[in-house]
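What would the 3D arrangement of this be:
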Amino acid sequence: MHALKPGLLGTLMLVQIACANATDWWQQPPADTDSALYGLGQGQTLALAQQQALADISGKLSTQVSASLQRITQDTGVAYNDTVRRQINSATNNTELSHFQLLKSRQQGNSVFALIELDRLKLADMWRMQLSQQRNKLQPLVVRNKIADFSQWLEVSQALNAAATTRNLSLQLFALDGTRPEADLHHQLMQLLTTQPLSIAVQGSQPKLTQALQQQLNLPGLSLCRINCQLTLSYEHSAEHDTMFGEFVSDTTVLIKLQQQNMLLASQELSAQVTSVSSYKSADAGSLSSIINQIQQRGLWQLLQLPL
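Just a heads-up that it's a prediction; the model follows:
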């Protein structure tokens, strides 16, 4: 047996160290720092591996947001229920990240591994600018602190999604660089809606249709009433009858009107034609059920071209 020469032994050791270092970034990825977050991903292609690496970073932010919610509640006095917590975590997991770069990639068999570095400082600056723009749009609604008519109710209701996005982004920024969230505008707008609701009555002759419309009004800032209401949602129902190939035909029309006192705010006409082998009454019931399904599937406010 021949002994290895010292020079050759040293060369082999360097080769072994170099091979180990080639996989160290995957086995022992870099630790996150104040200026960067790192994500690891694996996929069949480099693009899929990068997506997984970004999902890894989003997961880190989501974990930090979840861990921070109790502290934020103590600081702001706003308690988040389980539903809102799930919405916040989902938004964080699905947030679109930017200011990242591919540091390393490796092909191993049928898989590709990727290491992504995200610039915390640049992303924080971008999110901070977006937050400022969004808050500037929403703040006037909070400052006004008033819902006196339907147009103001609609404006606040339509702002809820943007306010939720602003809340979620402020929490993500807190997880990213520790910037304390400002007042929760979504919470403030919800408080405004619930403390200053508009009263609304549903008027019509068909109990099932009336009930379906009342369910559509189960929204923050609206309160069902019977008399002296600020808003009225009324409908006119009519049915024409005919026969076709020995069957009973019901051609039903429903005209829905939303009014504030005597002013028409919106209207929509719905219709359905249904046949029955038994009676006009059965056909009428079927056509009315079809109209109710239209309302439930498309939504009352979408039908009235007042999307929330």
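
alpha carbons only for contacts and neighbour counts from here, please
Fine.

And the lengthiest helix in the chain, how far out from the chain middle?
What stands out as the longest helix in the chain, according to DSSP state H, is helix 46-76. Relative to the chain's own centre, helix 46-76 is displaced by 16 Å; criterion: CA atoms, centre = their mean, to the nearest Å.

What segments of this protein are helices?
6-27, 46-76, 82-93, 120-144, 150-158, 160-177, 185-195, 207-216, 280-298, 300-303.

what's the closest of the ones you listed to R226?
Closest of these to R226 is helix 207-216, at 11.9 Å (criterion: CA to CA).

Lowest-scoring secondary structure element of this protein by mean pLDDT?
helix 6-27 (a mean of 51; mean pLDDT, DSSP states H and E).

Count the residues that sit near the closest residue in space to Q139 that isn't next to it in sequence.
Nearest residue to Q139, sequence neighbours excluded (CA to CA, 6 or more residues apart in numbering): L185, at 7.5 Å. L185: 21 surrounding residues under other CA atoms under 10 Å.

residues touching L185, list them.
By CA atoms under 8 Å, 6 or more residues apart in numbering, the contact list for L185 reads 135, 138-139, 142, 163-164, 166-167.

10 Å instead, please
The contact partners of L185, by CA atoms under 10 Å, 6 or more residues apart in numbering, come to 135, 138-139, 141-142, 159-160, 162-164, 166-167, 191.

Next: N145.
188-189, 191-193, 196.

quick one: low-confidence ranges for the stretch 201-308 of the chain?
Scanning the stretch 201-308 of the chain for pLDDT under 70 picks out nothing.

any idea how far the residue nearest to Q139 is from L141?
L185 sits 9 Å away from L141, going by CA to CA, to the nearest Å.

Let me see the confidence value for the residue nearest to Q139.
Here the pLDDT value assigned to L185 is 94.

do you know how far it is from M129?
17 Å.

now V202
The value you get for V202 to M129, if CA to CA is used, is 44 Å.

what about these two, which has more around it?
Between V202 and M129, counted using other CA under 10 Å, V202 has the larger neighbour count: 21 against 11.

My read is that that one contacts Q211, right?
Yes. Between V202 and Q211 there is a contact at 8.8 Å, judged by CA atoms under 10 Å.

In contact with A239, which residues?
Neighbouring residues of A239 by CA under 10 Å, 6+ apart: 249-254, 271-273, 280, 283-284, 287-288.

Next, count neighbours for T252.
Around T252 there are 23 residues (other CA under 10 Å).

Let me fix that, I meant to ask about S199.
Neighbours of S199 using other CA under 10 Å come to 17.

what is it paired to in the beta sheet?
Here S199 sits in beta bridges with S223, going by DSSP bridges.

Equivalent analysis for M263, please.
The partner residues for M263, given DSSP bridges, come to Q260.

Could you check how far it is from K257?
10 Å.

Give me the more crowded residue out of those two.
Counted by other CA under 10 Å, M263 and K257 do not tie: K257 has more neighbours, with 19 against 9.

give me every residue that touches the nearest residue to that one once chain neighbours are set aside.
In space, and not counting its chain neighbours, K257 is closest to S267: 4.4 Å by CA to CA, 6+ apart. By CA under 10 Å, 6+ apart, the contact set of S267 is 233-235, 255-259, 303-305.

on that earlier part again, deepest in the core, which of the helices of the chain is it.
For the helices of the chain, average neighbour numbers computed from mean count of other CA atoms under 10 Å are highest in helix 160-177, which has a mean of 21.

Report the angle between it and helix 150-158.
Helix 160-177 and helix 150-158 are oriented at 30 degrees to each other (axes from the mean of the first three to the mean of the last three CA atoms, to 10 degrees).

Which elements pack onto helix 160-177?
Counting contacts by 3 or more CA pairs under 10 Å, 6 or more residues apart in numbering; DSSP states H and E, helix 160-177 is packed against helix 46-76, helix 82-93, helix 120-144, helix 185-195.

Pull the distance from that helix to the chain's centre.
The answer for helix 160-177 is 12 Å, by CA atoms, centre = their mean.
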